[in-house]
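Student: Task: produce atomic coordinates for the following.
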Amino acid sequence: MAQHAIIATSVSGKITYFNPAASRLLGYTAAEVVGKHTPIIFHESGGIAAWLKDNPGSNPFLCLVQHCAPDVAAGSEIIYVRKDGRRIPVMLTVSKVRDPQGQLQGYMGIALELSANKRQQHLYETFFSLGHEMLCVCGPQGKLLRVNLAFENLLGYAVRDLEGTNIFAKIHADDLEATKLVMANLGRGEVVSRFNNRWLHRDGSYRTIRWNAAASADGFYYATGWDVTDEQQQSDSKDQNALFEKQLIGIVSHDLRSPVSAILMSAESIGRLGGLSQRAERSLKRISGAAQRAERMIHDLLDFTQARLGGGLRVHPAPVNINEVAQQVMEEIQLVHPEREITFSPCDAAEVRVDGDRIAQVLGNLLANAVHYSPKDSPVDLSIDKRNDALCLEVHNGGDPIPAHLLPRLFKPLHRGANGLGSLQASAGRSVGLGLYIVDQAVKAHGGVISVESTPEAGTTFSVVLPQHAPASKHLQN
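Tutor: You can find the predicted model right below:
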């Protein structure tokens, strides 16, 4: 402890011991300070004022003791003022001195001068000890020269077991080449951010670490990293889901469309032969109806996969008579439900530029839902109007409202409610929970918006607002 300045005081703060190192550090002799002063004379007035500001009315010496107590920090970096006025940075720790009975007898302060190099080393050590993220320094060949405690907490190895080892021994074999490439880029002066690789845990599993790193001119690498294993697993799960959806496109377009088309054509051929019994004709109609429903579900699935993976539903706007489109859709729904009353209020100026097939798809879904989820003795109303250069389409039905908890996710894909009224995603003849999602995507692809209002008093109204002239060959970017 020869290089440490040691100053002991009484309980009140009067200096009782002042060792030779303290004399060399501060320029005072022991005779000048022992029994005459408190250690406050070695401190800057500004620092004392700051301590008193946090503890107004306190004894300056006791503020010093509290500020530098070992239970507060491993030491406090402060400035001592020598007798000749020179300022000296030191690391100071103040401890209590007690007698064998535990009674407080005074205080002892131990100070170590911080030269420029020592101060930098102290800052370096503090940085590594306080960092919550993984911090490391690597040599030119990948040898771990310094790691912090976060490595131990995350990977399960003691710091001493990691320091001196090569990083390539802990990195997943599939990530080695990418890691070496990144290190080569760092060596050329590049700064790397958000680079992921997998590190071996002591239990044999791997943790995914995301790194920000840079290299010094002498070939040493400095990096900070954090654990993104859970985030990466979620990302991998999304990738797997996307792959499944891509595979679904192939299944639907090749493996399902062909047999369903064969069933429909065969049913039509058998029907044209004639001579069937009434029972056989009823069976043939059921076969045709089931195949047509399957074909509609296939179209929905194809639209869904295109919307999710192909950048959105494609629309090809052209001049159309919107009243004629709506009238045709209404008549098709009426054929399926001849017992229901469906009213239509056409638009005065019917010529618009939209994708007629997509708008028919929108109206078909909304009308089918309205018929399916409203009382049989109530009408379903379809109206088209132009307001402020916008085309407005509304489908209204009476009956119970849509449950409030379903409204925020009504247009989400593959979502269906727990009961009939909640299952608004599935129109008549569809059961894959995509109807309203596809409606929403088709409307957005036209640059429009869709909304819904549903109350016990007014019933349910789906409102679609479209620009009168949709951009050509547009598709929605998801």
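
Student: pLDDT (mean, whole number) over stretch 333-342?
Tutor: Averaging the model's pLDDT scores along stretch 333-342 yields 88.

Student: I meant stretch 115-133, not that one.
Tutor: Regarding stretch 115-133, the rounded mean pLDDT is 70.

Student: and what of stretch 317-329?
Tutor: With pLDDT averaged residue by residue, stretch 317-329 scores 90.

Student: I figured Val449 was touching Val439, is that so?
Tutor: No: under the criterion of C-beta atoms under 8 Å, Val449 makes no contact with Val439, lying 11.7 Å away. Where you see a C-beta, it was placed from the backbone N, CA and C, and this is true even at glycine.

Student: neighbour count winner among these two?
Tutor: When neighbours are counted by other C-beta atoms under 10 Å, Val439 comes out ahead of the other of Val449 and Val439, with 24 against 13.

Student: what helices or strands is the helix or strand hosting that one leaning on?
Tutor: In this structure, Val439 is located in helix 435-445 according to DSSP states H and E. For helix 435-445, the packing partners by 3 or more C-beta pairs under 8 Å, 6 or more residues apart in numbering; DSSP states H and E come out as helix 278-309, helix 356-372, strand 449-455.

Student: ranges for the helices of the protein?
Tutor: Taking DSSP state H as the test, the helices found in the chain are 20-26, 30-33, 45-54, 60-67, 116-130, 149-155, 159-162, 176-187, 229-250, 257-273, 278-309, 322-336, 356-372, 435-445.

Student: packing partners for the first one?
Tutor: To tie it back to what came earlier, the one meant is helix 20-26. Packing contacts for helix 20-26, counted by 3+ C-beta pairs under 8 Å, 6+ apart, involve strand 5-10, strand 87-98, strand 104-113.

Student: Please render those strands as CSV that adds distance to Cys136 to the earlier fields.
Tutor: Converted to CSV, the helices and strands packed on helix 20-26 look like this (distance: least, C-beta to C-beta, whole Å):
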stretch, distance to Cys136
strand 5-10, 35
strand 87-98, 25
strand 104-113, 28
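
Student: Which of those strands sits closest to Ser45?
Tutor: Nearest to Ser45 among the helices and strands packed on helix 20-26 is strand 87-98 (12.2 Å), distances taken as C-beta to C-beta.

Student: Send over that closest one as CSV, restricted to the C-alpha atoms.
Tutor: Taking Å, rounded to 0.1, in the frame of the first residue of the first chain, the C-alpha atoms of strand 87-98 are listed here in CSV:
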residue,chain,number,x,y,z
ARG,A,87,-5.3,19.4,-9.3
ILE,A,88,-4.8,15.6,-9.1
PRO,A,89,-7.3,12.9,-10.1
VAL,A,90,-7.5,10.1,-7.6
MET,A,91,-9.6,7.1,-6.9
LEU,A,92,-10.9,7.5,-3.3
THR,A,93,-12.6,5.0,-1.0
VAL,A,94,-13.7,5.9,2.6
SER,A,95,-14.4,3.2,5.2
LYS,A,96,-15.7,3.3,8.7
VAL,A,97,-13.3,2.3,11.6
ARG,A,98,-15.0,0.5,14.5
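
Student: for it, the distance to its chain's centre please.
Tutor: Centroid separation for strand 87-98 versus its chain: 47 Å, with C-alpha atoms, centre = their mean, to the nearest Å.

Student: And for stretch 175-190?
Tutor: On the basis of C-alpha atoms, centre = their mean, stretch 175-190 is displaced by 27 Å from the centre of the chain it belongs to.

Student: Check which residues of that stretch are buried.
Tutor: By neighbour count with 16 or more other C-beta atoms under 10 Å, stretch 175-190 contains the buried residues 175, 179, 182-183, 186.

Student: of those residues, closest to Tyr17?
Tutor: Distance to Tyr17 across the buried residues of stretch 175-190 (C-beta to C-beta) is lowest for Leu186, with 53.0 Å.

Student: Make sure the closest one is actually in contact with Ala213.
Tutor: Yes: with contact defined as C-beta under 8 Å, Leu186 and Ala213 form a contacting pair (5.9 Å).
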